[in-house]
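Participant: The following comprises the amino acid sequence and a computationally predicted model.
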Amino acid sequence: MLGSTKGKSLCQYVPDYVLYDLETTGTSCYYDEVIEISAVKVRGGKVVDEFNELVNPKRPIPYAASMVNHISDEMVAGAPVFSEILPEFLAFIGDDVLVGHNIKSFDMKFLYRDCEKYLNQTLTNDYVDTLAVAKICFPDWKHRRLSDLAEYYGISTAGAHRALTDCKMNQRVYELLGRELAGEGTTGVKPEIRSCPMCGRPLKKRNGRYGEFWGCTGFPECRHTENV
């Protein structure tokens with residue numbers, strides 16, 4: 001849960017996990033703040049518990065952010081600040097694998113920052129980014145937004161961009177992506193997945209000067225490569 005080393009990025013299906021989502025005042029983990037955090041706890045592929053809290057960012061919510069997530073200053077005026085909610089969220093997730101869409105580039109950065117800021121430690125939970133899984137399952141797609149995946153699977157996107165709604169939507173998507181990884185999904189093909197022997201992250205086929213090669217998706221932190 002908390003320690004000195006960040007968890008690893010996984011690219012696989014796990015049956016027990018916590019899927020979470022953040023809404024924020026903007027897109028920068030350096031300047032913006034969390035205004036909503038939600039999660040669903042899953043055991044054996046089924047939701048067994050929920051976590052949902054609005055957060056007072058102690059600053060006005062920009063109009064552009066409110067237009068996306070429909071969260072206003074009035075809604076968060078009486079809400080706790082994130083330093084109070086974060087320990088409750090950490091107790092909820094325990095040591096579970098975390099799952100979410102585009103969390104490697106967005107949500108995890110906010111959690112890492114605020115765990116270090118308020119608790120002087122980092123988040124050690126391993127995590128699965130469903131965007132990375134979708135790239136493996138649907139390599140030819142131009143876009144793999146959560147709404148794209150939901151619509152592909154016939155899942156309603158009503159109420160999207162509120163954290164708990166997105167969690168429930170993404171949980172259903174992740175279960176179906178798990179079937180794709182097993183070769184039992186809509187494509188009927190089991191995708192080739194290789195893991196980096198150095199850091200455990202997925203390897204991805206890339207094009208270089210001398211042709212195709214396997215490169216670690218953890219680049220530039222990890223620079224491991226293999227011949228195709």
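Facilitator: Cool, the structure landed. Numbering: from 1, shown residues only.

Participant: give me every residue that touches residue 99.
Facilitator: Contacts here follow C-beta atoms under 8 Å, 6 or more residues apart in numbering; on that basis residue 99 touches 14, 17-20, 127-128, 130, 170-171, 174. (C-beta placed from N, C-alpha, C; glycine too.)

Participant: I'd assumed residue 205 was in a strand, is it?
Facilitator: Yes - applying DSSP: H, G, I helix; E, B strand; the rest coil, one finds residue 205 inside a strand.

Participant: picking that back up, show me which of the contacts of residue 99 is closest to residue 43.
Facilitator: Closest approach to residue 43 among the contacts of residue 99 (C-beta to C-beta): residue 17, at 8.8 Å.

Participant: contacting residues around the spatially most central residue of the chain?
Facilitator: With distances taken as C-alpha atoms, centre = their mean, the chain has residue 100 as the residue nearest its mean C-alpha position (2.5 Å). If you count contacts by C-beta under 8 Å, 6+ apart, residue 100 has them with 19-21, 107, 127, 129-130, 170.

Participant: if we can go back for a sec, and the contacts of residue 99, which is closest to residue 96?
Facilitator: Minimum distance to residue 96 across the contacts of residue 99 is 4.5 Å, recorded for residue 18 (C-beta to C-beta).

Participant: wait, is that closest one part of a helix?
Facilitator: No - when three-state DSSP is applied, residue 18 is found to be strand, with no helix at that position.

Participant: Okay, and the beta partners of it?
Facilitator: In this entry, residue 18 is beta-bridged to residue 41, residue 98, by DSSP bridges.

Participant: Please tell me I have it right and it contacts residue 41.
Facilitator: Yes - proximity of residue 18 to residue 41 meets the contact threshold set by C-beta atoms under 8 Å, at 5.2 Å.

Participant: Comparing those two, which shows the higher neighbour count?
Facilitator: residue 18 (24 against 20; other C-beta atoms under 10 Å).

Participant: and the contacts of residue 99, which are buried?
Facilitator: Buried members of the contacts of residue 99, counted by 16 or more other C-beta atoms under 10 Å: 17-20, 127-128, 130, 170-171, 174.

Participant: As CSV, those with pLDDT and distance to residue 203 would be great.
Facilitator: Shown next, in CSV, are those (pLDDT from 0 to 100; distance: C-beta to C-beta, whole Å):
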residue, pLDDT, distance to residue 203
17, 98, 22
18, 98, 26
19, 98, 25
20, 98, 26
127, 96, 18
128, 96, 16
130, 97, 18
170, 97, 24
171, 98, 27
174, 98, 21
